[in-house]
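**Student:** Predicted coordinates and the sequence they were generated for:
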Amino acid sequence: MPTLEHVSANVAPQTVYNVLQRDGAVVIENILSRDALGNLNNELDALISETAPGLRHPAHERMVEFYGHATVRFDGLPGKSESFLDVMLTPLLCGAADHFLLANCHDYIFNTGQLIQIGPGEDAQRLHRDEDAWGFLKAPKPTLQVEAMFALSDFTIENGATQVVPGSHLWPPDREPRADEVVQAEMPAGSALMYLGSAIHGGGANTTRDQHRRGMFLGYVVGWLRAEENSFLTVPMAKVRQMPVRIQELLGYKAHEAIGVVDVGSPMVLLR
């Protein structure tokens, strides 16, 4: 039976990188301070209460089951939560992105940030690799993504803790996990499951009657790929103009050399 390693937030960064290289995933406990956790939940509470569960505008019918019927989900978090901007710059997450992605690109960009609240009665999500969103890229391929699921409430087996398959980032693309190879990322609120986009994972089933498992997903992708979330539309430019330069770059306003230019130049000029 594989295990999912847990480390503390004050661990040496290289330890996190080593576990990610070996297992493809690691739980970092207490990566959010108590104040940060409280601020995030307070800023997101109203949006959650106003959002119905289920996928509202599916890009493809197969995504309806994938995203769940009892799960509240929305993106655009940089424009919806000021505290989320601090999470985007979490040193261990950005350090891991530097370590794994910068060998394959000039810079990485924000891929997507989603609030994912799994409600009672939700089924387990289909196990998948996030990097399969770019299925046209064939193996062997470089590391494309570094991601993290932040627990904004306690994650338990009963309420849908994320399923993950340690070591699966090293498997052939067609290798399917056995049931005994899947573990769940049980962790207290304020912790995060950090993983590579090549690691097999998926939301767990919520078998409770009254618990809502609240998580916040954040990921970075090499800068020459099109990100999953269209941040140019989900985050108003008026808000982007007030954000730190590094956040502006991560949201895609920094050209990747000749990719993503405006008037054959840097999009950053639009924010001046």
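**Tutor:** Sure, I can see it. Numbers count the residues shown, from 1 in each chain.
**Student:** Just list whatever residues bridge to Ile28.
**Tutor:** Val7, Ala192 (DSSP bridges).
**Student:** List the contacts of it.
**Tutor:** Going by C-beta atoms under 8 Å, 6 or more residues apart in numbering, Ile28 touches 6-9, 11, 16, 92, 191-192, 194. From N, CA and C alone the C-beta is placed, and that goes for glycine too.
**Student:** same deal with Arg22?
**Tutor:** Contacts of Arg22 (C-beta under 8 Å, 6+ apart): Gly167.
**Student:** Could you look up the SS state of it?
**Tutor:** Look at Arg22: counting by DSSP: H, G, I helix; E, B strand; the rest coil, its state is helix.
**Student:** so what's Pro91 closest to, chain neighbours aside?
**Tutor:** Pro13 (7.5 Å; C-beta to C-beta, 6 or more residues apart in numbering).
**Student:** Dihedrals phi and psi, that neighbour?
**Tutor:** phi -50, psi -40 (degrees, to the nearest 10).
**Student:** residues contacting it?
**Tutor:** Contacts of Pro13 (C-beta under 8 Å, 6+ apart): 91-92, 95-96, 99.
**Student:** Of those - the most surrounded one?
**Tutor:** Neighbour tally across the contacts of Pro13 (other C-beta atoms under 10 Å): the maximum, 24 neighbours, falls on Ala96.
**Student:** which regions of the stretch 151-272 of the chain sit below the pLDDT cut-off?
**Tutor:** Within the stretch 151-272 of the chain, not a single segment meets pLDDT under 70.
**Student:** And the helices in it?
**Tutor:** Here the stretch 151-272 of the chain has its helices, by DSSP state H, counting those that start in this stretch, at 231-234, 237-240, 245-248.
**Student:** So which of the ones you listed is nearest Pro177?
**Tutor:** helix 231-234 (31.9 Å; C-beta to C-beta).
**Student:** Quick one: residues in contact with the closest one.
**Tutor:** Residues from elsewhere that reach helix 231-234 (C-beta under 8 Å, 6+ apart): 75-76, 78-79, 110, 251-252.
**Student:** Distance from the strand or helix carrying Ile48 to the middle of the chain?
**Tutor:** Taking DSSP states H and E as the definition, Ile48 sits inside helix 34-49. Distance of helix 34-49 from its chain centroid, counting by C-alpha atoms, centre = their mean, to the nearest Å, is 17 Å.
**Student:** Can you name the next helix or strand after it?
**Tutor:** Helix 34-49 is succeeded, C-terminally, by helix 62-67 (DSSP H and E).
**Student:** I'd guess Arg73 is in a strand, am I close?
**Tutor:** Yes. Under three-state DSSP, Arg73 falls within a strand.
**Student:** now it: how far from Gly135?
**Tutor:** Arg73 is 22 Å from Gly135, where distance means C-beta to C-beta, to the nearest Å.
**Student:** quick one: which of these two has more around it?
**Tutor:** Using other C-beta under 10 Å as the criterion, Arg73 and Gly135 rank with Arg73 on top: 19 against 9.
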